[in-house]
Structure formats: C-alpha cells, structure tokens
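Trainee: Coordinates for the following, if possible.
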Amino acid sequence: MMQTARDKIRELRALHDDGLLSLQEFDRRKNAILDAEYAPPGGQGTPAEAARPQRQGTELGLMTGQEIGPQNRRYRLERLIGMGGMGQVWLATDLATHAELGHSDQVALKILPPQLTQSATHAKLLIEEATQARKLAHENIVRVYEWAQDPATSSYFIIMEYLEGQDLDAYLAEQGPLPLESVYKLLAPIGDALQYAWDKHKLVHRDIKPGNVFLTPRGEIKLLDFGIASRARSAGSSLGLQTPNAGTAGYRAPEAGTHQRQPAPKLDVYAVAVMIYQLLEGRMPFDDMRPADFHPSPPRGLNERQWKVLQDGFAYLQERRPASVNELLAELRRAAGPSEAELAVQAEHAAREQAAREQLRQKEAAAQAEKVRQAEEKRKAMVAELAARRKAELEAAAVDKQRQEQQRRALEAKQRAEAEAAAQARKQVLREQLQARREADAKKAREEREEQQRKAAQLKAEVAYRQEQERHRKQQAERHAAELAAMTASAPVADANGVLRDRFVDGSGAGPDLVLIPTGRFQMGSQEHEQALAVKAGAQKNWLDREQPAHWVGIDYSFALGRFPVTVGQWKRFVKDTGWESQSDTDWRDPGFKQSDEHPVVGVSWNDAQLFLRWLTEKTGHAYRLPSESEWEYACRAGTKTAFSFGDTISTEQANYDGHYTYNGGQRGTYLQGTNKVGAFQPNPWGLFDMHGNVWEWTQDVVHDNYVGAPADGSAWEEGGDPARRVLRGGSWLYNPRYLRSAVRNGFSAVLANDIVGFRVARKLA
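Mentor: Prediction:
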C-alpha cells in the first residue's frame, strides 16, 4: 500500500515538473494521498480526532530491520542501544542518498516519543534545537547531523554520530567513588566543550548529568544531547506529562524553569558541581526538592577550601556560583593547598624535624672529626708503604730495560734477514706479472679491433633506421599540422589568459568564463596506493568500490569548461530573465550562511541546472551542457596522477572543507561552515578554480555502482544505473578532506537540492 502511495506522489511530482500542475494543487493532492494512506481504520475515528489539525504519531512500536524516515532519507534499524523517558536510541544504517552528504552509513537515531512533538509549536522548537546542535563542531561534543520525521508514525528523530562505549553512570557503577584527580580528567573535556558552545554559539546544555557524558574505548569523552533533551522535556511538561521544565532531577539548578530570558552557563555549573560530589562520594548531595538552607556533609578527598568552592558551585543562589565550569575546576585546583589548622600542624611538625636534624648534625660532626683523624693516620702509613714500593719498582725497571734492549737487537737482526728474502721474492713476482701484462695487452688489442668493426656495422644500420624514422615523423607532422589548421580555423578564440567568454546574442551580457580543455588520454579511477591512504583517512569500502576498476579514457575532441562554478550573480540573471522559482527547502538566496554574487550558487537541483543550460544556450547561440563524469575528472586532474591536482595531501590553504580533519599527514586548518568566493584558492594546472571542495558539482551521468561497462570515449554514461540520481564530483565545505580526491564519486537525487551542491557549465566547440 505504501509503494502505491509513493508511486502516486511521483506521478504528481512529474506533472508539476512538466508545468501541468501548480505547486498549490500538487501539495493539496499529495496531502490527500497521505491522509488516505494513514487514516485510522473505520473512518476518521472519534470527533476529537477528526477535529485535530494534523495526524498524531503512533506509539514507538519499532523492531530490528524496520526502515523509517522520509522517502529520500531512509534508515534501517539494526540494534536498540538505549531507551528512557526521552524515547529510544537505535544503531541504524543510513540507506539514503542525502545521508551520503556528510556522515558515515552507521549512525545513532534518537527517536522521540510522539506525545512530545504532537504540537506544531513544540516540534518547531525541537527542529530549531537540532539545527543549532548541528553547528557544534568540537571534539568533545557528539556530532548532530540532521533531524527528520517518519511519515508512517509522525515521530521525530535526530541523526547523530554513533559511539561505542558507556556513559558515566555505567562507569561510576563499575568503579565506585573516584579520586579527585580522576574526576578532573573526566570533567575537564566537558568544561572545554561547554566553554566552546557558549563562546561560539551562546548555547547552554541545560541537562548535564552522568548519563549525558559518554566514554569511548579509545579514551574519548563526549557530551551528549546538547539542549535537545531539555527542549523535549519542556515540550512534555507543557503537554501535561510528569517532566521538569529543564534538566534532570537532582542536577537541575533551583532557577531552572523560571522563564529566564536567556539560559546562562551557571545552570551547567550547578549540574557539574553536583556531579563532582556524586563522583567523589558515590551518592547525590540532595534531591530535586532541596530547601535553600540545606547543606550536605562534605565528601571524601576535599580539604576545607575545596569544600567551600564545591558548595559555591551548587549554591542555591546563582550569584554565588563561578561563571563557568572551567572556572569551577580551576578554583578547585587552586584550593588544593592546606587549611589554617593543617598549616599549624605542619609548622609544629617542621619545628620537631628541625630539632631532630640539629641533634643528628652534631652527632655527624663528631663522627666526621673521628673519621678525619683516622684517615690522617692511614694516609701516613700509606705514604711510607708507597715509598718502599717505588724503590722496588725502580730496581725492577732497570733490570727489565736491560732485558728489552737485548731482545730488540735480536729482533732487528731477524727482520733484516726476512727483508732480504722478501725482496728476492718480489722481484720474481714482478717478472711474472710483466709477462702476463704483455700477453693481456695483446689480447685486448685484438678484441678492440673486433669491437670497432662490430660498432661500425651497427652504426651503419642505425643511420639507415633513423633516416627512415625521420621520414615517417615528417609525414606525421605534416598530417598533424593539416588537421590542426583545420581545427583552428573553426575554434573559438580565447583572451591572453586563455579564457573564453561568449557574448549574449542581444548584447546584454556574457556567459561564464570558460577554459579550453586540450585533447588527451588519462586513467580514470584510483590506484591501490591511493586507496590505501584513503582507508587510513577513514574512507569506507563501499565508497572506494565506486572508483573501480581503474580504466583508460581517451578525450579526442576539444571542449570548454567553466573556469568557476556558476555564481549567485549569474543565477540571479537567469532568475530575472525566466521567472524561475525554487521548489526546494533550501533557499538559494539565504542558504544558512553569508553569500555574495561572487559565491557559488547552492540550492539548485540537477533539473534546475538543465533549465539554466537551455537558457544560456539561447542567450549565446552556443550549445551549453553539464560535463560528463569522465570529462570532469580529466579536467580536474589536469595531467596529474596524485590524489589531488596539487599532490597527495591537502590543506585549507588550498581548498574549502572541514579543517578539523586531515589527510595523509596534512595539518588541521579552518572550518568556514559555508562557501567561499570562487577563485579564492590557486587554480589547477589547466587554470580551473575550486575543483576540490567548496561545493559538490552536478555532472550529466546517472549513478552507477562502479565503472564496469563505462564508456571509454569521454561521453556521459546515461544507460542503466539509477536514472533518478545523478553523479556529483569534487567534495564540499561540509566534508572531510578524503571526499575531495579527484577520483571520488557521489550521487544525489536529480529533483532535490542542498546547501552543499552547485554546478559548472561545459560548452561544445565547433
């Protein structure tokens, strides 16, 4: 039944794309199909249900292997990994094309109970929280990728980074109370993450507790549910559920839920102070109903000043608390010195130790004096003994010298006799060597004469061969010159920089800057060495399989390719001339980050790009199109064989991508969180800009799983494959650097648009 409804909606979309159905009529008929699909058995149900403005979600009856999510973003549930008042958390496999634009195929889905989002207002607030959380790019904050709604249940769910390990609740249950130094190591990363969220985005977590602190097997510490859980609790409270306004009982500051205009970091300071007490003592300092004058007993491991700092951390009045979690932890460290009572005891101990050291010093002085006297007596005895020993040694040395002189004379006589015998032997050897050398020289002379005769014959043959080759090359050069002259006579003329611009037929403007691409031959795809480096950088096997098998492609025709991706300013001219209106959720005028006319346009589907190309063809009188996938990679490589057109590594000084990640030993860099102006980086060897990063670029080809059966002549591959999806190339500002390699292939639905996808034009040459 669900497939039938999808087919009907696809037919409506095709009618709308062909201009036969207005957007309002499309939405009306689509909603009617969905209402009929999900209507309760027996009609509209109760009168109260019929009066509701929108269909409410069902209870979470989920199971392993079930697929959820909208049509263009589907997820398969693999394993339930957690559940509670906030709903269920599942390990899931991403099955949708849209998910390929930013994270791995293994994700965590937090599926919220339908009663928390049945109100449109509360659903909007949750969507806003998820959108804000997506901006948090910190190593100690779990990444939030996107939110979605399942059409079958109307349940909202949030797509997050999947982590292995355990939360701090489980860790505390295993280990028991912890020493203070271990508490510092666990909470210092949390303080850094909270400080980043406040400094960069003015965000407060509002639900700090051990269950929202996650420890991975590699020792990483991650902060979960940044603001989202708290917002969901607020929604549940307003629906009459037994849920506090903000935070979790026991960790919630007294002022939470009092309709503050702007949540402040001191809410999180309170919760972290409670956690410190819990980690040290193994229990909570008080429950959620604490009165203002209640004071818990001090935990183990803290001195008086540290206990005073911790009490200020969870003070009833927020004015007494430190300004941030980092400041709370710093004050605890500074207060590690002893108290006044401890200082007094230490002074008394020091006085006693000083007296003991003085007594020991006097004893050691007396013992030292006795040692000096004994040493002097021993020295005098040794001097007398040495004098006697020296006299005996001198007498023995005189006798030994006389004996050595006799031995020397005998040795010299023996050496003279041996030298005379050796001289005679050398003369005989020299006579033999001279005879052998004469014979060798005669043999060498014969061999040299024979070698000269052989080389003369070989040289004669080589001269004849080179003359024949030279004649053949001249014929080839004359034929190539004729072909080049014929091609040049009809080829377009570029300016001094090698840039071609087509003027509009009516003289009102010009098309995008074009670069003439030479003919040639290249190997398309990635080699074993490049794939090994990509695996080290985190590339997945299913992505790398798309680049295989590597194969040779010949481009035996000239064409021109856009020097830059199509810009916002160029798209404005098209919109003004044609009255085009976007059907996408992404607003090309305001995609969520600042853009000028010199930025690449985003929010444009493959079908929208085709409309632009038809308009540009009419305006210039020249045939414009999208490049084929093989043309795009050929132009991107520009004669190189490395992972990128500038080598086997990359930095954010060469392209726009997520600089938190590195590739093949490169350095971390900046993360712009949006596009940059075209031409901001150096071009590739053929003068093309932004071929790596900034925006993914549409090509003409449909999506195929690999290169088996791919054309080898540079043409677009539009037979077979998935005709609903088209190939993307180049990577984008949101991506890790491994996705920016020249060989990487991606795909996306031809009817959808996104804030990370644009395109550049190609032009046929006569």
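
Trainee: give me the element W552 is part of.
Mentor: strand 551-555 (DSSP states H and E).

Trainee: Contacts for the longest strand along the chain next, please.
Mentor: In the chain, with assignment by DSSP state E, the single longest strand is strand 75-84. Applying C-beta atoms under 8 Å, 6 or more residues apart in numbering, the external contacts of strand 75-84 come out as 62-69, 88-96, 99, 107-109, 159. No exception for glycine: its C-beta is placed from N, CA and C like everyone else's.

Trainee: Drop anything exposed from those.
Mentor: Neighbour-count burial within these applies to 62, 68-69, 88-92, 94, 96, 99, 107-109, 159; the criterion is 16 or more other C-beta atoms under 10 Å.

Trainee: Restricted to strands, list those residues.
Mentor: Going by DSSP E, the strands hold 68, 88-92, 94, 107-109, 159 from those.

Trainee: which of these sit farthest apart?
Mentor: Pairwise distances among those were taken by C-beta to C-beta; the largest, 17.5 Å, belongs to Q88 and D94.

Trainee: Give me the domain ranges for this protein.
Mentor: 1-38, 56-162, 165-337, 499-764 (automatic domain parsing).

Trainee: Lowest mean pLDDT across those, which one is that?
Mentor: The stretch with the lowest mean pLDDT among the domains of the chain is domain 1-38, at a mean of 62.

Trainee: so which helix or strand takes in A355?
Mentor: A355 belongs to helix 340-490, assigned by DSSP H and E.

Trainee: And the contacts of the host helix or strand of W543?
Mentor: Using DSSP H and E, W543 sits within helix 541-545. Residues outside helix 541-545 that contact it (C-beta under 8 Å, 6+ apart): 105, 526, 531, 534-535, 705-706, 744.

Trainee: how does it look with 7 Å?
Mentor: 531, 534, 706 (C-beta atoms under 7 Å, 6 or more residues apart in numbering).

Trainee: check contacts around the second one.
Mentor: It refers to A534. Applying C-beta under 7 Å, 6+ apart to A534 gives the contacts 544, 738, 741.

Trainee: Excluding covalently adjacent residues, which one is nearest to the last one?
Mentor: Which is R741. A643 (4.7 Å; C-beta to C-beta, 6 or more residues apart in numbering).

Trainee: From N694, how far out is the one you found?
Mentor: 17 Å (C-beta to C-beta, to the nearest Å).

Trainee: Of those two, which one has the most company?
Mentor: Higher neighbour count among A643 and N694: N694, with 31 against 28, using other C-beta atoms under 10 Å.

Trainee: what sits against the more buried one?
Mentor: 565, 600, 656, 675-676, 732-733.

Trainee: change it to 8 Å
Mentor: 565, 600, 655-656, 675-676, 678, 730, 732-733, 758.

Trainee: related to what we said a few turns ago, buried ones among the contacts of A534?
Mentor: Buried, going by 16+ other C-beta under 10 Å: 544, 738, 741, out of the contacts of A534.

Trainee: and the second one, helix, strand or coil?
Mentor: Same thing as R738. Secondary structure for R738, judged by DSSP: H, G, I helix; E, B strand; the rest coil, is helix.

Trainee: check contacts around the nearest residue to it once chain neighbours are set aside.
Mentor: Distance criterion C-beta to C-beta, 6+ apart; nearest residue to R738, sequence neighbours excluded, is A537 at 4.3 Å. Residues in contact with A537 (C-beta under 8 Å, 6+ apart) are 661-664, 736-738.

Trainee: 7 Å instead?
Mentor: 663-664, 738.

Trainee: Mind putting these into CSV with distance to P189?
Mentor: Below are these laid out as CSV (distance: C-beta to C-beta, whole Å):
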residue, distance to P189
Y663, 25
N664, 27
R738, 26
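
Trainee: Looking at the residues you listed, spot the one nearest D556.
Mentor: The closest of the contacts of A537, once distances to D556 are taken by C-beta to C-beta, is R738, at 32.4 Å.

Trainee: Helix, strand, or coil at R29?
Mentor: Put simply, R29 is helix when judged by three-state DSSP.

Trainee: Burial check on it, number of neighbours?
Mentor: 17.

Trainee: Name the nearest residue to it, ignoring sequence neighbours.
Mentor: R29 sits nearest to L12 (C-beta to C-beta, 6+ apart), 5.5 Å away.

Trainee: Same check on Y162?
Mentor: A108 (4.4 Å).

Trainee: what pairs with that neighbour across the strands?
Mentor: Taking DSSP bridges as the rule, A108 bridges to L91, M160.

Trainee: Which neighbouring elements make contact with the helix or strand where T699 lies?
Mentor: Assigned by DSSP H and E, T699 belongs to strand 696-703. Judged by 3 or more C-beta pairs under 7 Å, 6 or more residues apart in numbering; DSSP states H and E, strand 696-703 is in contact with helix 629-637, strand 722-729.

Trainee: Out of the ones you listed, which one sits most buried?
Mentor: Mean neighbours per residue, mean count of other C-beta atoms under 10 Å, is largest over those for helix 629-637, with a mean of 25.

Trainee: For that one, list the C-alpha coordinates in CSV.
Mentor: Provided in CSV are the C-alpha atoms of helix 629-637 (Å, rounded to 0.1, in the frame of the first residue of the first chain):
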residue,chain,number,x,y,z
GLU,A,629,31.8,12.5,-15.3
SER,A,630,34.9,11.4,-17.2
GLU,A,631,35.4,15.0,-18.7
TRP,A,632,35.1,16.4,-15.2
GLU,A,633,37.8,14.1,-13.7
TYR,A,634,40.1,14.6,-16.8
ALA,A,635,39.9,18.4,-16.3
CYS,A,636,40.2,18.1,-12.5
ARG,A,637,43.4,16.0,-12.7
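
Trainee: Would you list the phi and psi of E653?
Mentor: phi -90, psi 0 (degrees, to the nearest 10).

Trainee: ok, how many other residues are close to it?
Mentor: The burial count for E653: 11, using other C-beta under 10 Å.

Trainee: Ignoring the adjacent residues along the chain, who's closest to it?
Mentor: Nearest to E653 is G669, by C-beta to C-beta, 6+ apart, at 7.0 Å.

Trainee: residues touching that neighbour, list them.
Mentor: So G669 contacts 651-652, 659 (C-beta under 7 Å, 6+ apart).

Trainee: Of those residues, which belong to strands?
Mentor: Short answer: these have none in strands (DSSP E).

Trainee: So which of the residues you listed is the closest to R352?
Mentor: Nearest to R352 among these: G659, at 60.6 Å, using C-beta to C-beta.

Trainee: neighbours around the closest one, how many?
Mentor: 20.

Trainee: thought it was touching L672?
Mentor: No: counting by C-beta atoms under 7 Å, G659 does not reach L672; the two are 8.3 Å apart.

Trainee: How about P683, nearest residue that isn't a chain neighbour?
Mentor: F689 (4.8 Å).

Trainee: my read: that neighbour touches R563, true?
Mentor: Yes: taking contacts as C-beta under 7 Å, F689 lies within contact range of R563: 6.2 Å.

Trainee: With neighbour numbers in mind, choose between these two.
Mentor: The neighbour comparison of F689 against R563 (other C-beta under 10 Å) goes to R563, with 24 against 20.

Trainee: excluding its backbone neighbours, what's nearest that one?
Mentor: D513 is the one closest to R563 (C-beta to C-beta, 6+ apart), at 3.9 Å.

Trainee: do you know how far that neighbour is from V751?
Mentor: Relative to V751, and taking C-beta to C-beta, D513 is found at 29 Å.
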